[in-house]
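Trainee: With the sequence up front, the predicted model follows.
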Amino acid sequence: MMRKAREWAEKSIAPFMRQTVIGKTGRGVAVHKKADKLFQYANGSTLYYGGMRDDDQRESVRSIGGDGGLDIALFEEANAFTEDDYNEIIGRVRNTVGTYRQIILMTNPDSPNHWINRRLILDKEATVYYSSAVDNPHTAPEYVANLQKMTGVLADRMVRGLWVQAEGAIFDNFSLEFNVSDDAEYNPEWRVRWGVDDGYVRGGGPGNANYHPRVILFANITPQGFIHVFDEYYATGELSEVSIQNALAKGYRLPEIAYVDSSAAELKTRIHNSNIQASGATHPVGEGIKNVRRFLCDPDGVRLLKIHPRCVNLIREMQSYAYDADSHASTAGERKPSKVDDHGCDSLRYLLWSSRFNQ
């Protein structure tokens, strides 16, 4: 059983199996060997859990099962995995202890161009079973009620189970397969920059119009001039100095510069007082969007921007960021983006604007 990152599996799969599945079955069914990342069953079966975030984790998965390989493999939150991850597991599910071999992927829908939809569903490589929160007899009524309040592409995917792109999607050239990568892991030898948007520091949660977090994106500038966004910080309901302290506490190299929303004078001053050069990042929104699109995939098909999978909020926004359905092109020929789930996208615009002349 796998999550994209082994540490996520340790916090989700392992506790669920230990407490809910095995715990409610009865003592003696299986023993959890935490150090070995496995459950040993009384009948001799072994359930391993892990991830495929980097080469070390992939190598651990390759060694599971010895010469016999695996009988069953399960991907949880499967849309976070790449097609290469899936292909590797196909080659591992070759054991003959059971009477059949099976690969199971559990996921919420994603973009229609995602490899799971394209290959397994549309090309019918897999049998597909649909379920929703209301099908689960253990789901709290309050949770179901809250789901019904969701709007836009998040509601289409998480409530209605549709593989859809946001209508009027701004970053329709954003690819989970090519722009999201473990290659964007932090490198302490490379320069670091921040992209910062202040928001209104209000809550409400993703997908709601009143969700306005303060966002700090952490990025490496590679020797070739590529941008790797390796981490993010989202916060609501806290003072700006606390956000800065928490961002610095992550332990990354001090940024050479932070590009900040020009209207956030107080936040910019706080960053400057933390011995970080802070620069306003004012530019026409439409031009900033064009620049981000070029970094996502330039005219020659090169992906100049990569985002680490841990940046879950930014990745979510990149998929759902869309033009306001009620807006029309202005005299400058620009439509207005919807002001929902846009603070990470704004931070990314600020971060990339200074590199707009990079070739």
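Mentor: Nice, thanks for sending it over.
Trainee: and V164, helix, strand or coil?
Mentor: Under DSSP: H, G, I helix; E, B strand; the rest coil, V164 falls in the coil class.
Trainee: how close does the closest residue to it other than its chain neighbours sit to F171?
Mentor: Spatial nearest neighbour of V164, excluding adjacent residues (CB to CB, 6 or more residues apart in numbering): D156 at 4.7 Å. For every residue, glycine as well, the C-beta is placed using N, CA and C. Distance from D156 to F171, counting by CB to CB, to the nearest Å: 17 Å.
Trainee: Among those two, which residue is more densely surrounded?
Mentor: For D156 versus F171, the count of surrounding residues by other CB atoms under 10 Å is larger for F171: 22 against 19.
Trainee: in what helix or strand does the residue nearest to that one when sequence neighbours are not counted lie?
Mentor: Spatial nearest neighbour of F171, chain neighbours left out: M318 (5.3 Å); criterion: CB to CB, 6+ apart. Using DSSP states H and E, M318 maps to helix 312-320.
Trainee: what's that helix in contact with?
Mentor: Here helix 312-320 makes contact (CB atoms under 8 Å, 6 or more residues apart in numbering) with 110-111, 152-154, 165-166, 169, 171, 174, 176, 179-180, 206-207, 215, 217, 229, 232, 234, 307, 309, 340-345, 347-348.
Trainee: tell me what the next helix-or-strand element following it is packed against?
Mentor: Proceeding N to C from helix 312-320, the next assigned helix or strand is helix 343-353, under DSSP H and E. When contacts are defined as 3 or more CB pairs under 8 Å, 6 or more residues apart in numbering; DSSP states H and E, helix 343-353 sits against strand 191-197, strand 214-221, strand 227-235, strand 257-260, helix 285-296, helix 312-320.
Trainee: one more time with 10 Å
Mentor: Applying 3 or more CB pairs under 10 Å, 6 or more residues apart in numbering; DSSP states H and E, we find helix 343-353 packed against strand 191-197, strand 214-221, strand 227-235, strand 257-260, strand 278-280, helix 285-296, strand 305-307, helix 312-320.
Trainee: can you redo those as JSON lines with distance to S63, mean pLDDT and mean neighbour count?
Mentor: Below are those laid out as JSON lines (distance: least, CB to CB, whole Å; pLDDT from 0 to 100; neighbours: other CB atoms under 10 Å):
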{"stretch": "strand 191-197", "distance to S63": "35", "mean pLDDT": "96", "mean neighbour count": "24"}
{"stretch": "strand 214-221", "distance to S63": "31", "mean pLDDT": "96", "mean neighbour count": "26"}
{"stretch": "strand 227-235", "distance to S63": "28", "mean pLDDT": "96", "mean neighbour count": "21"}
{"stretch": "strand 257-260", "distance to S63": "42", "mean pLDDT": "96", "mean neighbour count": "24"}
{"stretch": "strand 278-280", "distance to S63": "47", "mean pLDDT": "92", "mean neighbour count": "17"}
{"stretch": "helix 285-296", "distance to S63": "36", "mean pLDDT": "93", "mean neighbour count": "18"}
{"stretch": "strand 305-307", "distance to S63": "28", "mean pLDDT": "96", "mean neighbour count": "25"}
{"stretch": "helix 312-320", "distance to S63": "28", "mean pLDDT": "86", "mean neighbour count": "21"}
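Trainee: Quick check: which of those is nearest to V134?
Mentor: helix 312-320 (23.1 Å; CB to CB).
Trainee: and the closest one with strand 227-235, angle?
Mentor: 110 degrees (axes from the mean of the first three to the mean of the last three CA atoms, to 10 degrees).
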